[in-house]
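# how would this look folded up:
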Amino acid sequence: MLSVTAKQDVEIEVNGEQRRVNVRPADTLLYALREHLGLTGAKPGCENGDCGACTVMVEDVPVKSCLMLTAEAVGKQVTTVEGLGNAPIQKAFVDHWAFQCGYCTSGFLMVGHALAAAHPAAADALLVEWLRSNICRCTGYEEIHEAMRATLEGPAGAQE
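Take a look at the predicted model:
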């Protein structure tokens, strides 16, 4: 019988690299990213899936890493904010002052990047729907909305 506390080695692909981590079956992806791989961009906020500070992309879909077990990421591509490189959403956040304390920023960057990739011509209603997946306690969301809109209107997409 496998113990829930027994650790095992698993390989996950993070930011284009195969990485080996030694985790318990109950360890979340958030825990593995931060504690085993040193990728601290995804933040522990509520740790129950409400705030979105821990958002990463799994197979190009935004996922709250506090709700996903590390074992569920085996065989899938995981992208963290550290793996975005120089994505247009990052420049847009700077240009539009779409952050204050910065704690939630990586989660919003991941959602914005995924939205631009999946729906480059997204209308405002869809943009607002995607924004609802994350919480910011510092801003009024207007700057975040403007940054996401600017990314969608950039070279990769055009407003519907």
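
# what's the lengthiest helix in the chain packed up against?
Longest helix in the chain by number of residues (criterion: DSSP state H): helix 105-118. For helix 105-118, the elements it packs on are strand 55-58, strand 61-64, helix 88-95, helix 124-131, helix 142-153, judged by 3 or more C-beta pairs under 8 Å, 6 or more residues apart in numbering; DSSP states H and E. C-betas here are computed from N, CA, C, even on glycine.

# Next, the buried residues of the last one.
Going back to what we said before, that points to helix 142-153. Using 16 or more other C-beta atoms under 10 Å as the test for burial, helix 142-153 gives 143-152.

# what's the longest helix of the chain in contact with?
Identification of contacts with helix 105-118 by C-beta atoms under 8 Å, 6 or more residues apart in numbering yields 41-43, 51-57, 60-62, 79-81, 84, 87-90, 92-93, 98-99, 122, 126-127, 130-131, 133-134, 136, 144, 147-148, 151-152, 156-157.

# could the helices and strands packed on helix 105-118 go into TSV alongside mean pLDDT and distance to residue 116?
Shown next, in TSV, are the helices and strands packed on helix 105-118 (pLDDT from 0 to 100; distance: least, C-beta to C-beta, whole Å):
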stretch	mean pLDDT	distance to residue 116
strand 55-58	98	12
strand 61-64	98	12
helix 88-95	96	6
helix 124-131	95	10
helix 142-153	95	5
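
# okay if I get these as JSON lines plus distance to residue 31?
Shown next, in JSON lines, are those (distance: least, C-beta to C-beta, whole Å):
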{"stretch": "strand 55-58", "distance to residue 31": "12"}
{"stretch": "strand 61-64", "distance to residue 31": "13"}
{"stretch": "helix 88-95", "distance to residue 31": "25"}
{"stretch": "helix 124-131", "distance to residue 31": "26"}
{"stretch": "helix 142-153", "distance to residue 31": "27"}
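
# of the contacts of helix 105-118, buried ones?
Buried members of the contacts of helix 105-118, counted by 16+ other C-beta under 10 Å: 41-43, 51-57, 62, 79-81, 84, 87-90, 92-93, 98-99, 122, 127, 130-131, 133-134, 136, 144, 147-148, 151-152, 157.
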